[in-house]
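# I'll drop the sequence and a predicted model, then ask my questions.
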Amino acid sequence: MTAIVLALLASVAWGTSDFVGGRASQGRAVAGVMILTRPVALVAVALVALLGGGELVGDRWPVAVASGLALFVGIVALYRALAIGPMSVVAPIFATGAIVPVLWGIVDGEAPTAWTFVGLAVAVAGSILAARAPSVAGERPDPRGLAFAVVAAVGIGLGLVLTDRAAEHDAVSAIVVERATEVVLAALVLLARPSRIPAAVRRPGILPLAGVLDVTASLLFAIASRTGLLPVVSVLSSLYPVVTVLLARALLDERLSRAQTGGAVLTLVGVAVVAAAG
């Protein structure tokens, strides 16, 4: 039950991070968003590592680096997909990313019970519905946007799998290496086009807060994956589209479509089934 609670808290943190980041990153390049969120996150998690005095990531550091690379590619692809649109198609595709660690966990022998599977399936279906923004009449999917959405789903899904593996010795130090990798990659992207650096770092606003929330979610996921089944933890941690949608409704008074409302309810039902099963 502890792993379920931690995974759900990770989902809340990721959903809040997406809400904050989405509001604060409008008009910014992806590399600029990363360079304003990842270093702050790196400092925060490094302080936790120093104060905690836990074990080091050890020989798992290449896995942590690979996780950082996969997540970086996934996030960049997600931003590109959302920029191309339409969001009504892109967001549900991205929301299926949790399927990657589910399949990996099953192959690795971490198969949940039948009722847990039912609950996970219902929760994923609800998350996909909640992520579906109302479409605009006459709006057609751009093949490039669909391709980037698939890359984002696979990249972030694979990143969760690698985070689980990297955190076997110590979750905190694994996330330190992971975030350091993302910082280096973002810096390299910006250095490749130095003329964009001033615009990328100006007026950070509350964008660094999104980085702190994101790394908090990653830590919660890593800890949860060490004590719970990866398929269960990964799905429950990936329900953040519901959190983002509900925050938009509560704070921005955005209207929810019937599909989004039904999706939110369906997600809660799925989570309840998973909790009851295990």
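Looks like it came in fine.

# so how many other residues sit close to the closest residue to residue 158 other than its chain neighbours?
Closest residue to residue 158 apart from its sequence neighbours, by CB to CB, 6 or more residues apart in numbering: residue 70 at 4.6 Å. For every residue, glycine as well, the C-beta is placed using N, CA and C. Look at residue 70: counted by other CB atoms under 10 Å, it has 23 neighbours.

# helix/strand/coil for residue 70?
helix (DSSP: H, G, I helix; E, B strand; the rest coil).

# Mind pulling up the pLDDT for it?
Residue 70 carries a pLDDT value of 96.

# What of the one 4 residues further on?
pLDDT recorded at residue 74 is 90.

# so is it in a helix, a strand, or just coil?
Following three-state DSSP, the label given to residue 74 is helix.

# Report the helix or strand with the lowest average pLDDT across this structure.
helix 197-201 (a mean of 71; mean pLDDT, DSSP states H and E).

# my read: residue 236 touches residue 274, true?
Yes. At 6.8 Å, residue 236 and residue 274 qualify as touching, with contact defined as CB atoms under 8 Å.

# follow-up on the earlier one: so what's the residue nearest to residue 158 up against?
Listed by CB atoms under 8 Å, 6 or more residues apart in numbering, the contact set of residue 70 reads 155-156, 158-159, 162.

# State the distance from residue 156 to residue 217.
Residue 156 sits 12 Å away from residue 217, going by CB to CB, to the nearest Å.

# I meant residue 171, not that one.
Using CB to CB, one obtains 12 Å as the distance from residue 171 to residue 217.

# These two: which has the busier surroundings?
Shown here are residue 171 and residue 217; by other CB under 10 Å, residue 171 has more neighbours (28 against 23).

# where does the more buried one land on pLDDT?
88.

# Burial check on the nearest residue to it once chain neighbours are set aside, number of neighbours?
Nearest residue to residue 171 in three dimensions, chain neighbours excluded: residue 222, at 3.7 Å (CB to CB, 6+ apart). Neighbour count of residue 222, defined by other CB under 10 Å: 27.

# ok, now which ones touch residue 222?
163-164, 166-167, 171-172, 174-175.

# And what about it, helix, strand or coil?
Classification of residue 222 using three-state DSSP returns helix.

# how near is it to residue 175?
According to CB to CB, residue 222 stands 6 Å off from residue 175.

# And residue 13, by the same measure?
Using CB to CB, residue 13 is found at 13 Å from residue 175.

# who has more neighbours, the two?
More crowded of residue 13 and residue 175, by other CB under 10 Å: residue 175, with 31 against 23.

# Is the more buried one in contact with residue 216, as I believe?
No. Taking contacts as CB under 8 Å, residue 175 lies outside contact range of residue 216: 9.8 Å.

# quick check, distance from stretch 219-233 to the centre of its chain.
Here stretch 219-233 is found 14 Å from its chain centre; the criterion is CA atoms, centre = their mean, to the nearest Å.

# In it, which of the residues would be classed as buried?
219-226, 228-233 (16 or more other CB atoms under 10 Å).

# which two in those are spaced the farthest apart?
219 and 231 (20.0 Å; CB to CB).

# So, low pLDDT: which residues of the stretch 101-250 of the chain?
Where the stretch 101-250 of the chain drops to pLDDT under 70, the residues are 133-141, 200.

# how about the helices in it?
114-131, 143-166, 171-192, 197-201, 207-227, 230-237, 240-252 (DSSP state H, counting those that start in this stretch).

# Tell me which of those helices sits nearest to residue 40.
Taking those one by one with CB to CB, helix 207-227 is closest: 4.1 Å.

# Now do that closest one against helix 230-237, angle only.
150 degrees (axes from the mean of the first three to the mean of the last three CA atoms, to 10 degrees).
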